[in-house]
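A.B. asks: Build me a structure from this.
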Amino acid sequence: MAGAAVPLIEAAAARALAALGFGAAAGATGEAAREAIRKRKEAADKARSSPVAQTDAQTKAKAREKCPECPPDKGTPFTRTFRIRQPWVNYQARICGMPSGPNFITEWVFNAVRFDGFTSGACLLKEAKAGYDQFFDEWGRPRTWWAYNVNDIIAEIVRQDLAATPKPPVRLEWHWQQPTSYRYFSRILSAAAPSVPHHYTP
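C.D. replies: Residues are numbered from 1 along each chain as shown. As a prediction, this is how the structure comes out:
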């Protein structure tokens, strides 16, 4: 279609140039029109291939790719306080990137459920688990005096998974600081909440 339209456009341009008094000599009208069109096409091609034009096109493409609305943006920060800063706080602050201080860390509440962190640009809710290997024996099994907590953690991920909607665009990830707890929980929790990925992030 575009190729068939070019002769028609050139003919129309030639008539327009003739009407404006260009190319009075015989045969000059068509040549002047073709030359004017060629110059305009070259200028347009240069403008499209310029770095500014390419950057503008990339910016527009990225804007289209980004989710126009991330539902957890409507959530609220929750300040968790403590008398003494524990090592898990440092890990949570590093993984989740939320504000923290000597006696507090900020978490995120969305759909009435608490998450350790939230990254708006990625529409990503996060949970960070640190120091859990101490609750496992040398065979990688939960210690008997702590084992009842496993059900609490299963309930926590199910609660978060149900709250982290709609999917997409909302995503939820869990991060584990230590290898034994990562191996154990990534297996059993994947059965409870298959859509939630687990990462071993020391």
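
A.B. asks: from here on, contacts and neighbour counts on C-alpha atoms
C.D. replies: Will do.

A.B. asks: got the domain boundaries for the chain?
C.D. replies: The record's domain parsing of the chain by automatic domain parsing lists 2-65, 71-200.

A.B. asks: Lowest average pLDDT across the ones you listed?
C.D. replies: In terms of average pLDDT, domain 2-65 trails the rest of those, at a mean of 48.

A.B. asks: Would you mind listing the buried residues in the host helix or strand of Leu162?
C.D. replies: Using DSSP states H and E, Leu162 sits in helix 149-163. Residues of helix 149-163 classed as buried: 154, 157-158, 160-161, 163 (neighbour count, 16 or more other C-alpha atoms under 10 Å).

A.B. asks: excluding its backbone neighbours, what's nearest Thr79?
C.D. replies: Leaving aside its chain neighbours, Thr79 sits nearest to Thr106 (4.5 Å; criterion: C-alpha to C-alpha, 6 or more residues apart in numbering).

A.B. asks: That neighbour belongs to a helix?
C.D. replies: No. If the criterion is DSSP: H, G, I helix; E, B strand; the rest coil, then Thr106 is strand and not within a helix.

A.B. asks: so what's it up against?
C.D. replies: 77-80, 98-100, 116-117 (C-alpha atoms under 8 Å, 6 or more residues apart in numbering).

A.B. asks: before we move on, back to that, now distance to Asn111 too, for the buried residues of helix 149-163, in JSON lines please.
C.D. replies: Formatted as JSON lines, the buried residues of helix 149-163 follow (distance: C-alpha to C-alpha, whole Å):
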{"residue": "Ile154", "distance to Asn111": "18"}
{"residue": "Ile157", "distance to Asn111": "14"}
{"residue": "Val158", "distance to Asn111": "13"}
{"residue": "Gln160", "distance to Asn111": "9"}
{"residue": "Asp161", "distance to Asn111": "11"}
{"residue": "Ala163", "distance to Asn111": "6"}
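
A.B. asks: ok, back up a step: what's in contact with the helix holding Leu162?
C.D. replies: 110-115, 172, 189, 192-193, 195-196.
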